[in-house]
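J.: how does the following fold in three dimensions:
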Amino acid sequence: MTLRVFVFSVAAMVAQVCFGAGTPQVLQPYHAQYELLRAGTVEGRVDVQLERIDDSHWRMSTHSRGTHGLAALTGIQVRETSEFRSDASGVTCTSYRYRQTGLRTRERSVDCGPGKAGVVSRDHKGEYRFSTHANLADRQIVSLALALKLASGKRGELSIPVVDRERLEPQRYRALGEETLDLPIGSTRTLKLDRQHDSNERKTSTWFAIDQGWIPARIVHVGKSGGYELRLVSITR
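T.: So this is what the prediction gives:
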């Protein structure tokens, strides 16, 4: 696995959600673990934690690290933290922080405020400003926004506005149908979503666990730099 594939894969795709039984729109704190595979071999681990700050504010933290191969040898790790609001309309980003360490150190941030230039994204190349959007997601909570839509019964074409580095644009998805998967966590009933990329060279599929609070149970991505797979290992609430 190349370092670039490892960093991209775990940084963008593992945000997730957990709902209380019988009340599918109510968030519940949790801790989940994933394994990261390339060509069928485990090469990394991902831990995701969702915690409540107060009645309407939440924090999602992701710790991704290489455990085998080049990513392990260089000690590469990625830590991400999102803070967001949650209400009846959905989730809205308030801040996002990204820090990569190991072979080199990189940091990125997003702060989402009101107004015409209230959304500020920063990375090593510069600063980018955008107008605020209702239910705007960062790259980590986009799967949370999708899960909320699925839990409320929405199917077919789905669109989420996402801010990521120098872009703020809608990400589009298509719900395909139910599949039962054999995963490290066990047999899991899922609903599959495909992301509609601009380029045919990239393909991303996510399987949301229907009976596990709509958590992404499996993610498969194929792109120019290679491919990877994330599989759910465990979840505690």
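J.: so, low pLDDT: which residues of the chain?
T.: The model of the chain has pLDDT under 70 over residues 1-26.
J.: can you give the strand pairings for the longest strand seen in it, parallel or anti for each?
T.: Longest strand in the chain, counting residues (DSSP state E): strand 167-183. According to DSSP bridges, strand 167-183 has the following sheet partners: strand 157-164 (antiparallel), strand 186-195 (antiparallel).
J.: for residue 98, name its beta-bridge partners.
T.: Residue 98 forms beta bridges with residue 80, residue 108, as assigned by DSSP bridges.
J.: about what we covered before: contact partners of the longest strand of the chain?
T.: For strand 167-183, contacts defined as C-beta atoms under 8 Å, 6 or more residues apart in numbering pick out 119, 121, 130, 133, 136, 142, 146, 150, 154-162, 187-196, 207, 210, 217-218, 231-232. Any C-beta I mention is one placed from the backbone N, CA and C, and that applies to glycine too.
J.: can you flag the buried ones in those residues?
T.: 119, 121, 130, 133, 136, 142, 146, 150, 158, 160-162, 188, 190-193, 195, 207, 210, 217-218, 231-232 (16 or more other C-beta atoms under 10 Å).
J.: buried sites along stretch 48-59?
T.: 48, 50, 58, 59.
J.: equivalent analysis for stretch 167-179, please.
T.: 168, 171, 173, 175.
J.: any chance of those residues in CSV, with distance to residue 203 too?
T.: Putting these into CSV (distance: C-beta to C-beta, whole Å) gives the following:
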residue, distance to residue 203
168, 23
171, 14
173, 12
175, 16
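J.: show residues contacting stretch 74-85.
T.: Under the contact criterion C-beta under 8 Å, 6+ apart, stretch 74-85 has outside partners 3, 6-7, 10-11, 15, 53, 56-66, 91-103, 138, 140-141, 144.
J.: list the buried residues of it.
T.: Residues of stretch 74-85 classed as buried: 76, 77, 78, 79, 80, 81, 82, 83, 84, 85 (neighbour count, 16+ other C-beta under 10 Å).
J.: so how far is residue 109 from the fifth one?
T.: Translated: residue 80. The gap separating residue 80 from residue 109 is 11 Å, by C-beta to C-beta, to the nearest Å.
J.: who touches both of those two?
T.: Joint contacts of residue 80 and residue 109 (C-beta under 8 Å, 6+ apart) are 96, 97, 98.
J.: and of those, the nearest to residue 202?
T.: Ranked by distance to residue 202 (C-beta to C-beta), the shared contacts of residue 80 and residue 109 are led by residue 98 at 20.6 Å.
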